[in-house]
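>>> from the sequence below, what's the structure:
(2 chains)
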Amino acid sequence: MRSLTYAWIVAALAVVVVGCSPSDKGGSDSKKETAAAKSPAAPTGEKPTGELEVPAFKGGYDIDFYARAAGEFEQKNPGLKINVWGNPRVWEQLKPRMLSDDQPGLMFPGWDMDHWRLAYEGGLMTLDSALDSPAYNSTKKWRDTFDPKLLALGKLDGVQYVLPFYFNIEGWWYNPDQFKANGWTPPKTYDELLDLCEKIKAKGIAPITFQGKYPYYMIDGMLFPWAQSIGGIEAINDAQNLTPGAWKSPAILQAATMICELRDKGDFQNGAVGMSHTESQTQFVQGKAAMIPCGTWLKSEMSKEMPANTRIQFLVPPAVKGGKGDPTALIIGIEPWMVPSKGKNANAGIAFYKYMTSVEKAKEFVIQKGTLTAIIGSDDGVKLPDTLVEPARAFKATKTAYSTPFKDWYKDFEKEVENALTSMLNKQLTPQQFCDRCEEEAEKTRNKSSIPKHKVSQ
Amino acid sequence: MTRKGRGLFVFSFLAPAVTIYALFVVWPLIQAFGFSGFEWSGLSDKKSFVGAQNYRDLVHDDVFWRALRNNVTLLVGAGVVILILSLLIASAMQGQGKWLRVLRGVYLLPQSISLVVVAILWMFIFNPQFGLVNSALNALHLSKLTHTWLGDPNTALPSVAVAFVWYGAGFYIMLFSAAMRSMPAEVSEAAELDGARGLRRFFKVTWPMLWSVKRVAIVHLTIAVMNVFALVLLMTQGGPDRATESLLTYLYQKMQNSEMGYATTIAVANFAVVMIISLVILLIFRKDPQEARR
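The predicted structure follows:
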């Protein structure tokens, strides 16, 4: 059977391309055209009727909420039939359909759909005109019902292609009971962190663990937060925009040096560099490591492994004293919904999404699923789960909410940054060598004309 | 049955398998050759014909060569260990005892487990905090030898190779066992009467008579190692820093990165490498000495 593995891989490749005409009807060089010019604008969602298909990623929050909302919306709109379906790898079924005319009117394809590339190639409708139309049962513009910081994360080169619903905040986590029992205080600055690590080690506990097999957790958890804290958001923007020299900037170099300092002081859990996310997170929830960088999904992801009555608390990554950056800055990740450019009944898709993002429905989502949404007022008066209170406060307090889209735009480059980070953690690269290698890879990406380039402005 | 009737009879049995094979293996393979000439994300019908550019890029792609080297290292390391181990175990397990039958089942057990479970099992075994390997070393007062097995570029590939040997050996033990048991009893008896025992009997009698099975086993093993994918992806993601990257994990990465044209180029290159190695093996083992003697 194993001898057929190769054949099946090739077959799988072919299945993906079956929907593509062998005549290469789009043979023009897409690099010379702008996606915005070729992408149709989504309708505004008036008087929805007919059939609508809504495939959705079935993750920790399931798809039951969307299905129930669809049922309610059908009741309100006789003549409308909505089919909500999904699974944990729904993008695998949706990718081949992006090559055909059989596309859903609204979709939430999940994390492995390369939605920015899809948008760039004209595969998604632009949503700006829909956002300027009225929100559901309101005279307000739909656009004004979203948190502007989060809505902005759905733009590519100034054009809105995807819309947020729920979102995640990146940060650090600790166990408040463990901290209280030992008299430890969550560190606000890097210096406080260094002092705290000594106290934690004295108790025989590893101060910090991390998801070494997936080094992007360390990019979002340490490298970027500290580079931002040192050099300001410009240091991050320049790095993501592949500005020449940005990956060798003093901010990135110092952030890398700080990671190495923690490594050399023995502040990272032994062996963390070889651990998967579940392995390291299990170490954390079992109290064998005191802190871990992770997003707000941590509790739902680790609910089965978490011992009863264990509490975990969010912590904004410790800032660097005297740095140029915003000490309250946070990395945000939105979970994007979108309308394919050939989506069937996109009008109903927009109408349904307007309903789902009405403050009443969004509030229901916050209550039922215990997570935050991008809709203004959706958590007003709602008793949030303990783990979300601090992230919600931190999000409201921050002036600098940014995302890291370079990871999706330049996937090869990001992989090399991850690899260099791993090698640095394995003491095979010095911080300077880490920066040099990242800069060299950034230059390769800059010079490769086949990779579409984008800019962040946050 | 007439000749024509017999032909129809044979065709009716072959047709479904040949059709499915042609549709899902041969045709996609031909398409893969075509797609490798394009720069294409796989997300839209926008394709740019780039001729042999993907192949030129591949030749200058350090990661491709690193992955190929890892595959070959696995083939030479794990492959040879599997062959030697399975030959030794199969040879030692000749006979009809009850326990030998149980043992044969035990050795085949890993093959009946999902590869995903195998990978998770070995991730636990190599876990730096509570894994069996480090725990055993600690218990033996050899704490200095404990290690981050899957996180260190020097030990990651050998660790994956150990898991691969554990998973793969059972099949070859079965294959060689079956071949050894099918040897004519009179040959063994004659060898024994002539005083051939132990290693001498193995090298002079058993080994030459396994000729065709060895050929099948080596080709099969080569294909299995060159196409190693799930085990690596689950255990190490190809890391740390490409230390365990294989051709197919690299191909998968390119597919995920919306570089479908380049991914198919890697697929074609992998196909060529597997074909070349297999043909060389078939050439080396082309003549059965038993048949040649007749």
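>>> tell me which residues are up against the helix or strand A:Glu360 falls within.
In the assignment (DSSP states H and E), A:Glu360 maps to helix A:359-369. The contact list for helix A:359-369, computed with C-beta atoms under 8 Å, 6 or more residues apart in numbering or on different chains, reads A:61, A:65, A:69, A:145, A:165-166, A:355-356, A:371-373, A:375-380, A:382, A:384. (Glycine included, C-beta is placed from N, CA and C.)
>>> go on, stretch A:72-87?
Contacts of stretch A:72-87 (C-beta under 8 Å, 6+ apart): A:48-58, A:63, A:66-67, A:70-71, A:93, A:108, A:348, A:351-352, A:355.
>>> and that stretch, how far apart are its ends?
Counting by C-alpha to C-alpha, to the nearest Å, you get 22 Å between the two ends of stretch A:72-87.
>>> centre of the chain to it, how far?
28 Å (C-alpha atoms, centre = their mean, to the nearest Å).
>>> same question for stretch A:269-284.
Distance, centroid of stretch A:269-284 to centroid of chain: 21 Å (C-alpha atoms, centre = their mean).
>>> that one close to chain B?
Yes. Using C-beta under 8 Å from any C-beta of the partner chain, we find that stretch A:269-284 touches chain B at A:Gln269, A:Asn270, A:Gly271, A:Ala272, A:Val273, A:Gly274, A:Met275, A:Ser276, A:Glu279, A:Gln283.
>>> hmm, which two among the residues you listed are most spread apart?
A:Asn270 and A:Ser276 (15.7 Å; C-beta to C-beta).
>>> out of the two, which sits in the busier spot?
Ranked by neighbour count (other C-beta atoms under 10 Å in any protein chain shown), A:Asn270 and A:Ser276 place A:Ser276 first, with 20 against 15.
>>> for that one, phi and psi?
phi -80, psi 180 (degrees, to the nearest 10).
>>> which residues in the stretch 101-250 of chain B form helices?
Per DSSP state H, counting those that start in this stretch, the stretch 101-250 of chain B carries helices over the ranges B:115-125, B:132-139, B:156-181, B:185-193, B:198-201, B:207-209, B:211-226, B:230-235, B:247-256.
>>> dump those helices to TSV, plus mean pLDDT, distance to chain A and mean neighbour count.
Below are the helices of the stretch 101-250 of chain B laid out as TSV (pLDDT from 0 to 100; distance: least, C-beta to the nearest C-beta, whole Å; neighbours: other C-beta atoms under 10 Å in any protein chain shown):
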stretch	mean pLDDT	distance to chain A	mean neighbour count
helix B:115-125	94	7	18
helix B:132-139	95	8	15
helix B:156-181	93	8	21
helix B:185-193	81	30	11
helix B:198-201	78	31	12
helix B:207-209	82	24	16
helix B:211-226	90	4	19
helix B:230-235	95	9	22
helix B:247-256	96	6	22
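>>> which PyMOL command selects the buried ones in the contacts of helix A:359-369?
Of the contacts of helix A:359-369, the buried ones go into a single PyMOL selection, burial set by 16 or more other C-beta atoms under 10 Å in any protein chain shown:
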select buried, chain A and resi 61+65+69+145+165+166+355+356+371+372+373+375+376+378+379+382+384
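>>> next, count neighbours for B:Phe49.
Neighbours around B:Phe49, by other C-beta under 10 Å: 13.
>>> repeat that for B:Leu103.
Neighbours of B:Leu103 (other C-beta under 10 Å): 16.
>>> one more: A:Gly381?
6.
>>> how close does it get to A:Gly370?
With the distance defined as C-beta to C-beta, to the nearest Å, A:Gly381 ends up 15 Å from A:Gly370.
>>> what's the answer for B:His220, then?
B:His220 is 51 Å from A:Gly370, by C-beta to C-beta.
>>> again with B:Tyr172
From B:Tyr172 to A:Gly370 the distance is 51 Å (C-beta to C-beta).
>>> Three-state assignment for A:Ala56, please.
Three-state call for A:Ala56 (DSSP: H, G, I helix; E, B strand; the rest coil): strand.
>>> look up the residues forming beta bridges with it.
Going by DSSP bridges, A:Ala56 is paired in beta bridges with A:Gly86, A:Phe108.
>>> nearest residue to B:Asp152 in space, please, no chain neighbours.
A:Asn426 (6.5 Å; C-beta to C-beta, 6 or more residues apart in numbering or on different chains).
>>> show me what contacts the one you found?
With C-beta under 8 Å, 6+ apart, A:Asn426 has these contacts: A:Val273, B:Gly151, B:Asp152, B:Pro153, B:Pro240, B:Asp241.
>>> ok, 7 Å please
Contacts of A:Asn426 were listed using C-beta atoms under 7 Å, 6 or more residues apart in numbering or on different chains, and they are A:Val273, B:Asp152, B:Pro153, B:Pro240.
>>> tell me the pLDDT of it.
For A:Asn426, the pLDDT comes out at 96.
>>> please apply the same query to B:Asp288.
pLDDT, B:Asp288: 62.
>>> go on, A:Lys299?
So A:Lys299 comes in at 90 (pLDDT).
>>> check for me that it belongs to a helix.
Yes. Assessed by three-state DSSP, A:Lys299 belongs to a helix.
>>> on that earlier part again, could you single out the nearest of the contacts of A:Asn426 to B:Ser159?
Of the contacts of A:Asn426, the one sitting nearest to B:Ser159 (C-beta to C-beta) turns out to be B:Asp152, at 8.9 Å.
>>> hmm, back to that, and the residues of stretch A:269-284 next to chain B, which are buried?
Buried among these by 16+ other C-beta under 10 Å: A:Gln269, A:Gly271, A:Ala272, A:Val273, A:Gly274, A:Met275, A:Ser276, A:Glu279, A:Gln283.
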